[in-house]
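[1] Just need the structure, nothing else, for what follows:
(chains A and B)
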Amino acid sequence: MLIRRRSDIPPSEITPQGVWRERRRFVRAAAAAGLVVSAGRLAAQDPAAAKLPGKASPLSTMEPVTSYDLVTNYCNFYEFGTDKDDPPRHAPKRLKTRPWQVAIEGEVRSPRSIGIDELLKLAPMEERIYRLRCVEAWSAVIPWVGYPLAELIRRVEPTGNAKYVEFTTLADPKQMNGLGSRVLEWPYVEGLRIDEAMHPLTLLAFGLYGEVLPAQNGAPLRLVVPWKYGFKSAKSLVRIRFTAKEPVNSWQRSAPQEYGFYSNVNPNVDHPRWSQATERRLGEGGLLARRRPTQMFNGYGDQVAALYAGLDLKRYY
Amino acid sequence: MSAASRPLLPFASRVPPVLAPKSFARLRAVLFVAALLPLARLVALAAGDGLGANPVEFVIRSLGTWTLVLLLVTLSVTPLRMATGWAWLIRLRRMFGLLTFFYGALHLSAWIGLDQWFDAAAIWKDIVKRPYITVGAAALTLMLPLAVTSTNGWVRRLGGRNWQRLHRLVYLIAPLGVMHFWWHKAGKNDIGEPMIYAGVLALLLGIRLMRWVRNRYGSVDSSANNSSTVSLRRTS
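    Numbering: from 1, shown residues only, chains lettered A, B, ... in the order given. So this is what the prediction gives:
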């Protein structure tokens, strides 16, 4: 039997950025003019669904981006429910992103709480188009808007004891309908080594597709670590703590045999319940699409492999 | 007529224990079509590009869910017949059993074809390495002899007693199927849904166990125990 591997999407099928930008501008203008009575997607956005442009970055991938609809409607954000369509259904109505404070704690010279508006102005915004590889073996390509986390870290001056950074997601039962579930312990906690947190690829994201982050994608600010499985990129951050000890992240606490601290994308280390050798790219080709091979460090090995020199990645998964 | 010989469910007496052939055929046709609706929905969604962001996963999981549902429906035929006294229910059991196998076979085929692209090495590796796939594959493999011997010809060839013995495999298949689903979800401690299936299965098997214990160790009212007399109860 001859089974041909489908080639990548031909460039002719990809909507050029200028066109989709223009299209979205048109839809917004139409909505503002009252021509569109109820466009669910627009209605679902915060009043702050303001534009958030970012300067194009040389660190962006050239791969075709995943559609806005898939990126904003296929979400893991268990604080709003465990099904992929729970967060887009609940988060936009419930999550209040103003006022919003982020506590900077632990091993820093100037511990303090920073408001979201100050954070937005802290450094120039960049657009970074990154691959995102979920531990569930699906992937997407997303145009994030934000700046390197290092910009923030430098300003708060970590002490010499700061070896790790711990990130905490909001856990407010009044806003989040999924906190009753015992799937995880709340609040959601993630962690990075300080050198990982300082890496130029590690992004503090405030937007996607040139707009402020939709609630279901982790508004008003989230972490994006493109060479690690998606769950490392904690959403809706309320605390960033610098520590001397390795933080225990939520998934590691919940299932240590399945999830480790590092969680680097690695096709050679399987999840106990499924292979990580291949992945499904969202929106790619429907029922007859083949899985694509997963790349070491999600294809960012050139930039990050040096961080793990001498580390047994099979043991420290 | 002793109290125990009356149907357990009060509404049951409104339906006769024996249906006219025509009514039964009609009922069976309706249930058959209803059981195919989940598949029709998948075909319609696939045609309309409505399977969502991860179509293959959606199809595989949906087929798996309906396999389990039909398995539990099949296993509920006998307890329901005992509770209602509707003798004709037993004649639906084979259809539900075969529909279970049909959905299970589609579930497996979708995984082998759409997800794994017939990569035999990867498929075998998954079956031996991942316990939830191992038990799922085992459950479906064990269903195969039951599907093959589901015809009247095979009942005759094996003899009723042997045939029944063979088909008791379902008491192994059903727990394996629920385990497959449970372990698939367990890593995320997301076991709310598997618990429902496990609960229903425990109930359906528990009823049988109680009946078996009663039949074996006797009971004060022996007339209520023999399930083969159920169909006669209302007429006696």
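[2] Return the nearest residue of chain B with respect to chain A.
    B:Ala53 (3.8 Å; C-beta to the nearest C-beta). Quick note: C-beta positions are derived from backbone N, CA and C, even for glycine.
[3] ok, that residue to A:Gly210 distance?
    Applying C-beta to C-beta, to the nearest Å, the value for B:Ala53 to A:Gly210 is 21 Å.
[4] re earlier: what spatial separation is found between the residue of chain B closest to chain A and A:Ala305?
    Counting by C-beta to C-beta, the gap from B:Ala53 to A:Ala305 is 30 Å.
[5] go on, A:Ala277?
    Distance of A:Ala277 to A:Ala305, computed by C-beta to C-beta: 18 Å.
[6] Name the residues of chain B found near chain A, please.
    B:46, B:49, B:51-57, B:59, B:114-115, B:117-118, B:122, B:125-126, B:129-130, B:132, B:183-184, B:187-190 (C-beta under 8 Å from any C-beta of the partner chain).
[7] confidence score at the residue of chain B closest to chain A?
    Note on B:Ala53: pLDDT of 87.
[8] same thing with A:Gly18?
    pLDDT for A:Gly18: 56.
[9] do the same with A:Ile142
    We have a pLDDT of 97 for A:Ile142.
[10] hey, what's it bridged with?
    A:Tyr130 (DSSP bridges).
[11] Isn't it up against A:Arg133?
    No: here A:Ile142 lies out of contact with A:Arg133, judged by C-beta atoms under 8 Å, at a distance of 11.2 Å.
[12] More neighbours: which of these two?
    A count of neighbours by other C-beta atoms under 10 Å in any protein chain shown puts A:Arg133 above the other of A:Ile142 and A:Arg133, at 27 against 24.
[13] Now A:Met176: closest residue in space, sequence neighbours ignored.
    In space, and not counting its chain neighbours, A:Met176 is closest to A:Glu79: 4.1 Å by C-beta to C-beta, 6 or more residues apart in numbering or on different chains.
[14] ok, the one you found - contacts?
    Neighbour list for A:Glu79: A:Thr169, A:Leu170, A:Ala171, A:Met176, A:Gly178, A:Leu179, A:Trp186, A:Tyr188, A:Ser236 [criterion: C-beta atoms under 8 Å, 6 or more residues apart in numbering or on different chains].
[15] Tell me who's in contact with residue 163.
    Unless you meant another one, I'm taking chain A. With C-beta under 8 Å, 6+ apart, A:Lys163 has these contacts: A:Arg193, A:Ile194, A:Thr243, A:Ala244, A:Lys245, A:Glu246.
[16] Actually, chain B is the one I wanted.
    B:Thr149, B:Trp154, B:Val155.
[17] returning to that earlier point: nearest to chain B among the contacts of A:Glu79?
    Closest to chain B out of the contacts of A:Glu79 is A:Gly178 (11.2 Å), distances taken as C-beta to the nearest C-beta.
[18] Run a quick neighbour tally on B:Ala202.
    B:Ala202, neighbours per other C-beta under 10 Å, totals 13.
[19] three-state assignment of it?
    At B:Ala202 the chain is in helix, as set by DSSP: H, G, I helix; E, B strand; the rest coil.
[20] Retrieve the pLDDT associated with it.
    At B:Ala202, the pLDDT value in this model is 97.
[21] which residues of chain B score low on pLDDT?
    Within chain B, the stretches with pLDDT under 70 are B:1-8, B:10, B:187-189, B:219-236.
[22] what about the most centrally placed residue in it, distance to B:His180?
    Geometric centre of chain B, nearest residue: B:Leu71, 1.9 Å, by C-alpha atoms, centre = their mean. According to C-beta to C-beta, B:Leu71 and B:His180 sit 11 Å apart.
[23] How about B:Leu166?
    22 Å.
[24] of the two, who's got more company?
    Between B:Leu166 and B:His180, counting by other C-beta under 10 Å, B:His180 is the more crowded of the two (24 against 14).
[25] so the more buried one makes contact with B:Arg130?
    No: using C-beta under 8 Å, B:His180 makes no contact with B:Arg130, being 10.3 Å away.
[26] coming back round to it: more neighbours, B:Ala53 and A:Ala305?
    B:Ala53 (21 against 14).
[27] Just among the contacts of A:Glu79, which is most surrounded?
    The residue in these with the most neighbours, by other C-beta under 10 Å, is A:Ser236 (29 neighbours).
[28] For that residue, give me its contacts.
    Per C-beta under 8 Å, 6+ apart, neighbours of A:Ser236: A:Glu79, A:Leu95, A:Thr169, A:Leu170, A:Gly218, A:Ala219, A:Pro220, A:Leu221, A:Arg222.
[29] Near the residue in chain A that chain B sits nearest to, how many other residues are there?
    Residue nearest to chain B within chain A (C-beta to the nearest C-beta): A:Tyr74, separated by 3.8 Å. Other residues within reach of A:Tyr74, judged by other C-beta under 10 Å, total 21.
[30] Please identify the buried residues of stretch A:295-315?
    Within stretch A:295-315, the residues scored as buried using 16 or more other C-beta atoms under 10 Å in any protein chain shown are A:Gln295, A:Met296, A:Phe297, A:Asn298, A:Gly299, A:Tyr300, A:Val304, A:Tyr308, A:Leu313.
[31] Also stretch A:200-209?
    A:Leu201, A:Thr202, A:Leu203, A:Leu204, A:Ala205, A:Phe206, A:Gly207, A:Leu208, A:Tyr209.
[32] what packs against the strand or helix carrying the fourth one?
    Going back to what we said before, that points to A:Leu204. Using DSSP states H and E, A:Leu204 sits within strand A:203-208. Secondary-structure packing of strand A:203-208 (3 or more C-beta pairs under 8 Å, 6 or more residues apart in numbering or on different chains; DSSP states H and E): helix A:116-121, strand A:126-133, strand A:138-148, helix A:149-156, strand A:222-224.
[33] picking that back up, didn't the residue of chain B closest to chain A look like it was pressed against A:Gly286?
    No: with contacts counted by C-beta under 8 Å, B:Ala53 stays clear of A:Gly286, the gap being 10.9 Å.
[34] got a list of contacts for stretch A:114-121?
    So stretch A:114-121 is in contact with A:Thr97, A:Arg98, A:Pro99, A:Trp100, A:Gln101, A:Val102, A:Ile104, A:Leu152, A:Leu204, A:Phe206, A:Pro220, A:Leu221, going by C-beta under 8 Å, 6+ apart.
[35] hmm, try it at 6 Å
    Residues from elsewhere that reach stretch A:114-121 (C-beta atoms under 6 Å, 6 or more residues apart in numbering or on different chains): A:Trp100, A:Gln101, A:Val102, A:Pro220.
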